[in-house]
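1. Provide a 3D model corresponding to the input given below.
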Amino acid sequence: VTEKPSVLTVKFGDGYEQRRPAGLNAQLKTFQAVFRVTDDDTRRWLSDFLSWHGGYRAFLWRPPKHNRTLRVVCREWSITDHAVYSDFNCSLEQVVN
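-> From the prediction side, this is the model:
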């Protein structure tokens, strides 16, 4: 889990600065998730799922060790094929739309 709060900062000439959250949802999370699949049907389904969402459609996902489902988008993913399984490395960003 990566957390990087979105903060607006105004710097003054004498070394002072003023900070405030950038909006109501300034602390959204980013996840690097790996999904390992062992059969061709699941690999095809997951590849189609990510392609259909196209990096802009949100979907619901519950991160491991979390008790809440989050709305996320997957803007970037890669697939690594091995002899008996495939790994999907996904960058998931929490959204609020």
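
2. quick one: the strands in the chain?
-> Here the chain has its strands, by DSSP state E, at 2-3, 7-11, 17-21, 29-37, 59-61, 70-81, 86-94.

3. in space, what's closest to residue 7 - neighbours in sequence excluded?
-> residue 19 (5.3 Å; CB to CB, 6 or more residues apart in numbering). For every residue, glycine as well, the C-beta is placed using N, CA and C.

4. what about that neighbour, neighbour count?
-> 11 (other CB atoms under 10 Å).

5. and it, how far is that from residue 6?
-> 11 Å (CB to CB, to the nearest Å).

6. ok, now residue 50?
-> On the measure of CB to CB, residue 50 and residue 6 end up 25 Å apart.

7. the two: which is more packed in?
-> Counting neighbours by other CB under 10 Å for residue 50 and for residue 6 shows that residue 50 has the greater number, 18 against 11.

8. from memory the more buried one sits against residue 88, does it?
-> Yes. Counting by CB atoms under 8 Å, residue 88 is a contact partner of residue 50 at 7.4 Å.

9. between these two, which contacts overlap?
-> Counting by CB atoms under 8 Å, 6 or more residues apart in numbering, the shared contacts of residue 50 and residue 88 are residue 77.

10. show me the contacts for the residue nearest to residue 35 when sequence neighbours are not counted.
-> Closest residue to residue 35 apart from its sequence neighbours, by CB to CB, 6+ apart: residue 88 at 4.3 Å. Counting by CB under 8 Å, 6+ apart, residue 88 touches 34, 35, 36, 37, 46, 47, 50, 77, 78, 79.
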